[in-house]
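Chemist: Mind folding the following:
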Amino acid sequence: AVTTLTIDALGTKTDFDTTAYPTLVTLNVTGAEGKAPFISTVTNTLEVRGATKLTTVNILGGDIDVVDIDGTAALTSLSTAGEIRSFTLNNSDKLASASIGHAHLEGSDAADFTVTNNAILAGLTTTALDEVGNLTITDNAKLAALDLSSLVTIPFLGTYTMTIEDNALTGGFVAATAGSTTTLFVEAQIKSNDLMTLMPYLTT
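Modeler: Presented below is the predicted three-dimensional model:
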């Protein structure tokens, strides 16, 4: 019958899943502080799913390898801090905004950041996240504002993908102009203030 649960120091190799807490309303989690080499010493996971009454999730700091928030139908408040290597927010139909303040787990693999299928999420800003490898922001029907300007450093090694599609982002398009004897060729251009926040990252 737990409604509020606070974890003060989730062990660096400890996995926690909310499935066993169907009455949970508020979850507060702080990860324990890891030690180098983080890639092998911080392997903990936080699975937030199955808690159909959960409205609030606060990740308050520390080191967490994987955070997976999936199918939290009642979630209305989400904040993150500390360092997280892989973060997923999927199918939270009542979440209109989120405070994404976590950074990459320094010394571990490249960060993954996935935000998908959140029906009313209107805006998304990362304030500290960097060194992202795989980035997926798709199928958020109301997502009209995006600020990823915290992403400035591409991971040194590896092959990664970036997918941003089927959201509500808007922008302009300038058609290509063919060159001639007296005019220069002009490439087609997509103009979007939201996607422009990624330029420092893409031109590193």
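
Chemist: Would you map the helices across the protein?
Modeler: Assigned by DSSP state H, the helices in the chain fall at 38-41, 193-196, 199-202.

Chemist: Quick check: mean pLDDT of the first one?
Modeler: When pLDDT is averaged along helix 38-41, the result is 94.

Chemist: contact partners of it?
Modeler: For helix 38-41, contacts defined as C-beta atoms under 8 Å, 6 or more residues apart in numbering pick out T12, K13, G34, K35, D63, L105, E106, G107, S108, D109. For every residue, glycine as well, the C-beta is placed using N, CA and C.

Chemist: Buried subset of those residues as a ChimeraX selection?
Modeler: Buried subset of these, written as a ChimeraX selection, criterion 16 or more other C-beta atoms under 10 Å:
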select :12,34,63,105,107,108,109
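
Chemist: which one of the contacts of helix 38-41 sits closest to D93?
Modeler: Lowest distance from D93 to those (C-beta to C-beta) belongs to L105, with 28.7 Å.

Chemist: Output the lowest mean pLDDT helix or strand found in the protein.
Modeler: One helix or strand of the chain scores below all others by mean pLDDT, DSSP states H and E: strand 189-191, with a mean of 75.

Chemist: who touches G158 in this structure?
Modeler: G158 sits next to D109, A110, G133 when contact means C-beta under 8 Å, 6+ apart.

Chemist: how close does the second one get to T182?
Modeler: What that stands for is A110. Here the criterion is C-beta to C-beta, to the nearest Å. By it, A110 lies 48 Å from T182.

Chemist: The two: which is more packed in?
Modeler: Applying other C-beta atoms under 10 Å to A110 and T182 shows that A110 carries more neighbours, namely 19 against 5.
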